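# When you get a sec, could you give me coordinates for this:
(3 chains)
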Amino acid sequence: MIFTPIDIASSAVLLFLFLAMFTFLLSRRQRLMIDICFSLAAAASLLGFIAGAWTVAGGVTEKIVLLFGLPDLPFHLRLDPLSGFFLTVIGLLSFFVSVYSIGYVRGFLGKRSVTSLVVFYCLFIAGMFMVVMADDALIFLISWEIMAAASYFLVLFEHERIENRRAAFLYMVVAHVGAIAILLSFGILAGLATGFKDFSGYTFDAMRATQFPVGGATAAFLLAFFGFAAKAGIVPLHVWLPEAHPVAPSNVSALMSGVMLKTAIYGIIRVTFDLIKVFPWWWGALALALGLISAVMGVLYALMQHDLKRLLAYHSVENIGIILIGIGLAMIFTSFKLPLLAALALIAGLYHTMNHAMFKGLLFMGAGAVLHATNERNMEEMGGLIHRMPWTAALFLVGCVSISALPPFNGFVSEWLTFQAFLLSPGLPNPLLKLLIPLGAALLALTGALAAACFVKAFGVTFLGHWRGHHNPSVHEANWPMRFGMIMAALTCLLLGILPAMFIGWMDTLSAQLVGSKIGASSGAYGWMWLTPVAPERASYSGMIVFWGIMAVVVSTFLLLHVRPGKIHRAPVWDCGFEKINPRMQYNATSFAMPIRRIFGFLFSIRERVRAGSNPGHAAFPVRLNYSLRIRDRFWGWLYQPIVVSSFWIARHLGRLQQGRIQVYLIYSFITIIVLLVFL
Amino acid sequence: MKLYPFVIEILQILVLLAIAPVFAGWVKMLKCWSQGRSSPGLFQPYRDIRKLFSKDVVLAENASWIFRFTPYLVFGVALLAGCIIPILSTDLPLAATADVIVLVSLFAIARFFTALAGMDIGTAFGGMGSSREMTIASLAEPAMLMAIFTMSLAGGTTSLSQMTQVILSGQSVFRPSMAFAFLAFLLVAIAETGRIPVDNPATHLELTMIHEAMILEYSGRYLALVEWAGMMKLFLFFTLGIAAFFPWGIAASGDLYAVFSAFFFMGLKLGIEAVFLVLIETGLAKMRLFRLTEFLGSAFLLATLGMLSYFILE
Amino acid sequence: MQIAAQIIGFLAALVLLTAFGMLVQRRMTALIHLFAWQGLFLSISTAVVGFMAGQRHLYISSLLTLSLKVILLPYILHVLVRRLRIHREIETVVNVPLTMLIGVALVIFSYHLTAPVRELSTLVTRSVLPIALATVLIGLLMMITRRHAVTQIIGFLAMENGLFFAATSATYGMPLVVELGVALDVLIAAFIFGIFFFHIHTSFDSLNVEQMARLKEGD
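Below you'll find the predicted structure:
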C-alpha cells in the first residue's frame, strides 16, 4: 500500500492551500477561475471524504509529525475514526457545495470580483479539514483561527451593506471570545498534563495519557464547552448565527451551517470523550439541558422568521441542540458506566451530525437557488415558485421532509435513535435523572413537530400558492451544476434514511474508540433492511420498507384509478364560492405562525400593533389597516445588552487615558517601567 | 419463510379497507341516534366513496403536483400503517417495519403533505387549515410521545406487536401508569383524528374548520381517496388503542380460528369504543383554538403522571 | 398482600390525578366534585391500608373521611357556591399549562425529597409517600395560583387531605385522638370560612382575594 488515509487527507489540504494561493493568477479570467477552482475544490473535498470514510471503515489510527512548527514544538496531525468521521461529513458536503458553486458563483459575474470568495472558500475548507486532523493544541487553535478568519471574510463578501458588516463584526467577536475560552481550556489541560513544568503537554497524546483531577478537568471542560458552544451557536450563545449565516453567499452559508458548526461538536466530543475521558454525570446533564433549550428555542425562533435564510440559520441552532442531546445522553450513560447505551446515544448524535450536514446543506443550496432566481430573501414576497422552478422545489422539498424528521428520510432516523436512547434512560441508577430525562424526550418531540410546522410554512409560502410580491420578476430555474449539487445531497439524504443499518455498521469503530462499545451488530440483527438499535424485540424500523411500501401503494392506486380515463377539468379556485380572491389574501409566513406565536409568545418579546387609517366616512370602516410586528430575542436584552453597555462604559472611561499629549504617554511608560522594576 | 403470516397481512389490509368505512358509518349512525335524528345507514360512507370515484375531477388552475400527489400518499400511509398495527394478529411479517414512534411519524408525513396541499392552491382557507393543523399537531406530539414512553416502560419495548404480547401475557392488573397513558392517548387520538372538541369533522363553517379547510379544493377521486384515508385513520387510531391497552382477543398465533375470533373481538371492541367517542362528541362543544393548549396540556400531564407513577408506584 | 399494595398504588394515582384536576379545573361545581372524589379515594385507601395492616382504628378514620370530606364539606361548599352565585369560571393567576408543569415539577421534587424515608421504611405503603407530599404541595400551589377565596379553601382542604394521606402511608395512621381532633379542626375551619365569606362577600361584593389588597392602608 502506497497511500494511507492520512496521506490522502493531507494532500487534500495541500490542494486547497495551493488553490488559495494561486487563484489570483486567474483573476483576469473570472469565469474560467470559477470553473477550474471549484472543480479542483470538489476534487479535493472528495479526497477528504475518501480518506475519512476509509479511516472510519478501517478503524485505524495514523499520526504524522510535521517537519515545521514552532521551535521545539512541532505540529502533530492524526487521523482516527472520530476525525475520520468528521472529515467524511465535511468532505462530502463540501464536494456537493463545490459542484453547486460552479453554477452559483456565476451569478456574481459582472457584478463583482469573486477572487476573494474563491480564495477564502478554499482556505475555509482547508481550515475545517485541519481542525479535525489536528493532534496538538497549537495546530488545533491555528486551524481554528484560519477557519474563523476565512469565514469572517466570506460573511463580509458583500461588504457594502451595513447589515453584513455588523453581522460579520458580531460573528468575529463571539468567535474570538470562544477561541480564548478554548485556548484557556487547552492551557489548563496541557498544564495539568505535565504539572505546569514545561510545554510538552500541548500534544493531545500527552493529555490522553493524563488522569486529570476533577477540579481542573471541570474547569477545562467548562471553558472548552463555552468556547465550542459559542461556535456551535448553542442558546444563549446563538445570537451571531442568524445574523452571520444568512448574509454570506449561499454556498458559504451551506458550509457554515452544514459543517462549520460541526467542528464545534467535534471539539466537544474530542475534549470530553477522548482527552478527559472520566467525568461526572452533571457534565452530560448540562449538555443535555442546553441541547434541549437550543432545540426548542431554535425552532421557535425559526418559526417567527420570514427571511428564508434566517429561518434556516435558526434551524441550525435547533439541530445543533438535537445533536447535543445525543451527546449529552452519551455522556450521562458513560459516567454511569453503561457503554452500550452510551454508544447508542453517541451514534444517534453523530448520525444527526451527518444528516444535518446533508439536509441543511441542501436547504441552503435551495435557498441560494431561490435567491439567485428572484433576488429575494423575504418569504412574504414569494410564492408559487414550484411552477417556475420545479427542480429546485422538488429538491428543497426533500430537504424539508428530511429536516422535519419524517420517514423515510434521514432526519427521522437520527431523531428516532435519539428517542430510543431516551427510552433507555430508565436503566440509569440515579432516580432523579430517571424521572427528569423522559421530559426531555417530550421536548424533543415538540421540537420535531414544530420543525415540521416550520417547514410546511417555509415550503408552502415560498413555493406554493401564488407570487405575493408587487413586481413579477423573471424567475428562472437553477442551472445544471447547481441542480447537480442539490440532487446529490438529496440522494444522500434518502440513502441515509433508508439504509441506516449499513451506515451504523460503518460507524462502529467510532463508538468503539470513544465509549468502548458497539451497536453495529445489534442494530443490523434483522439484516441490512431493518434497523434494530438495541435488540429486535425492543424497537425496529425499516426505512426501506416504509419508502417502497408507500411508493408501491401510491403507484398501484394511481394505476388502478387511471384504468378508466377520468377527465380533469382545470377551473378557477372554488374557495367556498368566494370570487374576488387575490394573492395578497393568502396565508403568509407571519400569519401561518400566528397560533404558535400566540401560544409560545411569552418566550419572546413581541410587539404587535394594528393601526387603522382614518376614514372620512365612518370610524368603523377604516380604509387602510397598518399591521406591524416586532419580535425580539429576549436573550439579547438579558445577556448581551448589559455586556454591550458596560463595554462601552469601560471604553469611554479608558478613553480618558488618550490625552493626545506626548508627556502623558511618557508618564505612562515611566510608571510602567518603575512598576516592573519594583516587582521583578 | 412461512406463507401464513403474509395471508394474515393481506387479510388485515382487506379488513382495514372494508371495515373502516363501516366503522365511520357506525359512528355517524350512533351520533344521529344520540341527537334524535334518523341515520343514513351503516353503509353510507361506501356510497359516498363510490359516488366520488365515478365523478370527474375539477382541479384548481394553479394546483401543482403536490396537490395531486397528496391523496395517493395519504392513502398509502394509511395502508402501510394497517400492515403494522396488530389488528387481528401479532404475527405480522411487516410488524418489524415500524414501532409506535415510527407509526406516529407515518401519520405525521401524511399530515405534512396534507398541510402543503392546503397551501398549494393559495386560498386563505387552505393556509388557515394548514396553520392550525400543524399547530395542533405540534402540541399533540409531546403528549403522544410521553404516552408512548409510559407504554414502553412496562414491556421495555416500543414495538407494537411486542407490547401487545407483553400485555397478553401480563399478570399485573392495576397498572396506574397504563390507565394514565390510556387517558392521554385518548385525548391525543381525538386531536389527531380531528374529532370534537378539537375539530369538527362535519363542519363546513369557514372559520371553525381545520382538516376540512385543507381539503376544501379536492374533488372526484382525489376527494374519495382523502376521505377514505381519513376513515382509515380513525379506524387505525382505535385499533392502535386496542392493541396497546386492551389487546385481549388479538390472535397471538396465526391459527385461523384465533384470527376469526380476533375479528369478532375487534368488531365488539370497536363498537363499544365508538359509543364512548360519540358520548364525548355529543357531550362536549368544540373548543376555541387557544383553549386547545389546555386540552392537549392535560393530555401531556396525564401521560407524564403515568410515567411518574410508573417510577413511584410500580 | 400484593394485590392490596397495587390497589393502594392505584388509589394513590387517582388521588394525585384529582389533585391535578383541581389545580386546572376552572368551574366551581366541578372543582367541588373533584374534591369529593379525592376524599372518596382517600377514604377507600385508608380502609384498604387498615385491612392490610390489621389496624382497626383506620376503619374509623376512613368512615370519618367519608362522612366529612365526601359528604359534609362538599355539601357546605355547594351551599356556599349556590348562595353566593359564584359557579362561573374561575380566573387563574398563572396560565393553566404552566401551572401543570409546576405541578409535575413538584411531584418530581417530592419523589426526590422522600427518597431517604422510602429507603428506611419497610411498610408496603412507602411508595405512596411522595404522592402524599406532592398532594400537599399541589394544594398549596392551588392556593397561590387562584384568585377566588372559595378555591383557596378547597386548596387548603386538599392540603389537609395530603397530610392525612401521608400519615396513613408513612406510619399507618396517626393515633385516633389526633385524627379526631384534626377532623374537628377542619370542620370548624370550614364553618368559620363560610361565615367569613358571607361577610367578605357582603362588604366587597366579590370573593376575589385581590380585592382585599384594598384593605391596606395608605391607598
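# what comes into contact with stretch A:469-485?
Stretch A:469-485 is contacted from outside by A:96-104, A:106, A:365, A:368-369, A:372-376, A:381-383, A:385, A:388-392, A:395, A:486, using CB atoms under 8 Å, 6 or more residues apart in numbering or on different chains. The way it works is simple: take the backbone N, C-alpha and C, and place the C-beta from them, glycine included.
# Among these, which ones lie close to chain B?
residue A:383 (CB under 8 Å from any CB of the partner chain).
# Now list the buried members of the contacts of stretch A:469-485.
Buried by 16 or more other CB atoms under 10 Å in any protein chain shown: A:96-104, A:106, A:365, A:368-369, A:372-374, A:376, A:381-383, A:385, A:388-389, A:391-392, A:395, A:486, out of those.
# So what's the predicted local confidence for residue A:583?
We have a pLDDT of 86 for residue A:583.
# My read is that it contacts residue A:461, right?
No: the criterion here is CB atoms under 8 Å, and residue A:583 misses it with residue A:461 at 11.7 Å.
# Identify the contacts common to the two.
Listed as contacting both residue A:583 and residue A:461 by CB under 8 Å, 6+ apart are residue A:383.
# more neighbours, the two?
residue A:461 (27 against 14; other CB atoms under 10 Å in any protein chain shown).
# gap between that one and chain C?
Between residue A:461 and chain C the computed distance is 28 Å (CB to the nearest CB, to the nearest Å).
# Taking the stretch 1-150 of chain B, what residue is nearest to chain A?
Proximity to chain A, evaluated over the stretch 1-150 of chain B using CB to the nearest CB, is greatest for residue B:127 at 2.4 Å.
# nearest residue to that residue other than its sequence neighbours?
Leaving aside its chain neighbours, residue B:127 sits nearest to residue A:587 (2.4 Å; criterion: CB to CB, 6 or more residues apart in numbering or on different chains).
# so who does residue B:305 touch?
Contact analysis of residue B:305 by CB under 8 Å, 6+ apart lists B:180, C:13, C:16-17, C:20, C:104, C:107.
# For it, which three-state class applies?
Assigned by DSSP: H, G, I helix; E, B strand; the rest coil, the conformation of residue B:305 is helix.
# go on, residue A:65?
strand.
# residues contacting it?
Applying CB under 8 Å, 6+ apart, the residues near residue A:65 are A:74-77.
# JSON lines please, covering those residues and showing neighbour count, distance to chain B and pLDDT.
Below are these laid out as JSON lines (neighbours: other CB atoms under 10 Å in any protein chain shown; distance: CB to the nearest CB, whole Å; pLDDT from 0 to 100):
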{"residue": "A:74", "neighbour count": "15", "distance to chain B": "50", "pLDDT": "88"}
{"residue": "A:75", "neighbour count": "21", "distance to chain B": "46", "pLDDT": "90"}
{"residue": "A:76", "neighbour count": "22", "distance to chain B": "44", "pLDDT": "91"}
{"residue": "A:77", "neighbour count": "21", "distance to chain B": "41", "pLDDT": "92"}
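# Tell me which entries of those residues lie within strands.
Within the contacts of residue A:65, residues falling in strands by DSSP state E are A:74-77.
# Turn the residues you listed into CSV, columns for distance to chain C.
Converted to CSV, the ones in strands among the contacts of residue A:65 look like this (distance: CB to the nearest CB, whole Å):
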residue, distance to chain C
A:74, 52
A:75, 50
A:76, 46
A:77, 48
